[in-house]
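1. Any chance you can model this:
(one chain, ligands or ions: 2)
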Amino acid sequence: MIPEDHPRYRSLKVRERLAACAKAGIVTLEGLTAHGRGEAFDYLLGERTTESALLAERCAAALIRTSKRPVLSVNGNTAALAAREIRELQQATSIAVEVNLFHRTEERVERIEALLRGAGVEVLTGRAEPLLPLSHARAYCLREGIYAADTILVPLEDGDRCEALVGMGKRVIAVDLNPLSRTSRCATLTIVDELTRALPEIASASRTMGTDEMRHLSSAIDNRRFLREALAEMNRRLIHALD
Ligand code: ATP
Ligand code: MG
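-> Numbers count the residues shown, from 1 in each chain. Ligands and ions are numbered 1, 2, ... in the order given. As a prediction, this is how the structure comes out:
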């Protein structure tokens, strides 16, 4: 039992949830270490959504809304952390949802799909084929899903796959707390924010955004500026950490 008055209550609850999902075969042990890296960068950001990330979230909503075939690619960590937030985003934008795993087994895919459906998410299913220019199992996706997508939202993504998707001409939106990762640098748009804070902001922006703002934001994205602003914020906080 984690006492509710513990100063790190939320963070400890999230870890508890991920550990339970690891035992249930949804999150991998590698996924747990990736979460730790995310936590460290979130500490540097002050565990809050910055002004710059909020604008990136509006840009993401604009990219999704101006797409013909937007797809959200879900891995084990994403499903464990944010199934409810994924449902909300799907309700707001009609984005398609596909499970796509680095450590892929059909059993894990099915478990993650069941978790998402249990939260009310509509999940694309079918026979995955090796359609992405990547070696081995990471290439597998659905022809009518990620392969056909024009815009793809990839939370907690690996750099190689992000590069492959951009190389296929897709607009790639990453959610990654590490502004230095290969994913962050190669995506069309990177949201440097924690996943469960980012998805509701994208959903809410997408509900309220007018056509003019949508066109304007989606046509003028400067990813490096978002990365520089995230680094500047971390830098500022580090410099003044002990004041
Ligand atoms: P890359 O392959 O892009 O260079 P990496 O190998 O360092 O990155 P991966 O394990 O491939 O990292 O991807 C996981 C990324 O997700 C990490 O950069 C981590 O900071 C980030 N991350 C982990 N948990 C969260 C979260 N809850 N919200 C947002 N980002 C997260
Ligand atoms: Mg990686």
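
2. ok, now which ones touch residue 166?
-> With contacts taken as Cβ atoms under 8 Å, 6 or more residues apart in numbering, residue 166 has the following neighbours: 172, 186-188. C-beta coordinates here come from the backbone N, C-alpha and C atoms, glycine included.

3. List the ones among those that fall in strands.
-> Within those, residues falling in strands by DSSP state E are residue 172.

4. Show me the two of the contacts of residue 166 that sit farthest apart.
-> Spatially, the most separated pair among the contacts of residue 166 is 186 and 188, at 8.7 Å (Cβ to Cβ).

5. which residues do these two both contact?
-> Contacts common to residue 186 and residue 188, judged by Cβ under 8 Å, 6+ apart, are 166, 172.

6. quick check, nearest of the contacts of residue 166 to ligand 1?
-> Looking at the contacts of residue 166 and their distance to ligand 1, the nearest is residue 186, at 8.0 Å (Cβ to the nearest ligand atom).

7. so what pLDDT did that closest one get?
-> As predicted, residue 186 sits at a pLDDT of 97.

8. Name all residues that make contact with the residue in the chain that ligand 1 sits nearest to.
-> Using Cβ to the nearest ligand atom, the closest approach of the chain to ligand 1 is made by residue 38 at 2.5 Å. Taking Cβ under 8 Å, 6+ apart as the criterion, residue 38 is in contact with 156, 176-178, 194.

9. Within reach of ligand 1, which of these are there?
-> If you filter the contacts of residue 38 for contact with ligand 1, counting by Cβ under 6 Å from any ligand atom, you are left with 156, 176-178, 194.

10. out of those, which one sits closest to residue 209?
-> Out of the ones next to ligand 1 among the contacts of residue 38, the one with the shortest distance to residue 209 is residue 194. That distance is 22.1 Å, counting by Cβ to Cβ.
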